[in-house]
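Visitor: Based on what follows, work out the 3D shape:
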Amino acid sequence: IFNAPKCIFLFIFIFILVISENKLVNAASVTIVSDTSTSVEDPISGFFMSSSVASWVHEAWPSITGATWIWSTDRVDNENEFGPYTFKKIFNLPNGATGITGSLQITADNAYELYLNGALIGSDGTVSSPPIDHDQDSLHVQRWSGIETYTVTPIVGDNVIEVRANNYGGWVDPDTNPAGIIFRLDVSYSTCTDTTPSHATLCSGDSSGLTA
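Guide: Residues are numbered from 1 along each chain as shown. Predicted coordinates:
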């Protein structure tokens, strides 16, 4: 005997299966690193300069794969260049991105505060009121010689990494008191693609606009 409710249920079930088979989940990732395209704020004018400078790298500084040590100048010749400086990097995640996870590595000579989209993620050392002399901070070598790793969750659309950093005083010899920051953010996420013929688009939005 024809049972209308059961037939309707079966049709809906088969339709869902067909639709599901035409959806493809794609794993994607993007890496954002400190480099000379990172903008830096002039502490006097308050305006952001379009690019920072690859700083002179002290032989004892640690490295992060793919990232560059940067500052406002390649060497610090006087205490007016110690900071604090704010460095900014903007990147974009596509509409429809889901399951977003991120891991950010960072260190600085000497102190930093790390922000993602305006929220404080972590810090090391004193940025706003740094000690007058390196020796007043017994951990100053440990701060720049170690790399901290933070778990972060970027959002769909534009994201802003900001790092406020300061160099500690005590001497102004550019060959013995360098300044710099270095960071790398690795982001993983998923997108969904409709593989139905003539509908090869993301299930929600599009994947254009990735920048680093």
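
Visitor: for the protein, what spans make up the helices?
Guide: With DSSP state H as the criterion, the chain has helices at 4-21, 140-145.

Visitor: any idea which of these scores lowest on pLDDT?
Guide: Ranked by mean pLDDT, the helices of the chain bottom out at helix 4-21, with a mean of 45.

Visitor: Let's check: the centremost residue of this protein is which one?
Guide: The centroid of the chain falls nearest to Leu185 when counting by C-alpha atoms, centre = their mean (4.3 Å).

Visitor: Let me know the distance separating it from Asp175.
Guide: Computed as C-beta to C-beta, to the nearest Å, the Leu185 to Asp175 distance reads 31 Å. The way it works is simple: take the backbone N, C-alpha and C, and place the C-beta from them, glycine included.

Visitor: Export stretch 117-133 to PDB, keeping only CA atoms.
Guide: Output of stretch 117-133 as PDB, limited to C-alpha atoms (Å, rounded to 0.1, in the frame of the first residue of the first chain):
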ATOM      1  CA  ASN A 117      42.100  42.000  16.700                       C
ATOM      2  CA  GLY A 118      42.600  44.300  19.600                       C
ATOM      3  CA  ALA A 119      42.700  41.600  22.300                       C
ATOM      4  CA  LEU A 120      45.800  41.000  24.300                       C
ATOM      5  CA  ILE A 121      47.200  37.500  23.600                       C
ATOM      6  CA  GLY A 122      50.300  37.600  25.700                       C
ATOM      7  CA  SER A 123      53.400  39.600  26.700                       C
ATOM      8  CA  ASP A 124      56.900  39.300  27.900                       C
ATOM      9  CA  GLY A 125      58.900  42.000  29.700                       C
ATOM     10  CA  THR A 126      57.800  45.600  30.400                       C
ATOM     11  CA  VAL A 127      56.800  47.700  27.400                       C
ATOM     12  CA  SER A 128      55.200  50.800  28.800                       C
ATOM     13  CA  SER A 129      57.700  51.500  31.600                       C
ATOM     14  CA  PRO A 130      60.900  49.600  30.800                       C
ATOM     15  CA  PRO A 131      63.800  49.600  33.200                       C
ATOM     16  CA  ILE A 132      66.400  52.300  32.700                       C
ATOM     17  CA  ASP A 133      69.100  49.700  32.500                       C
END
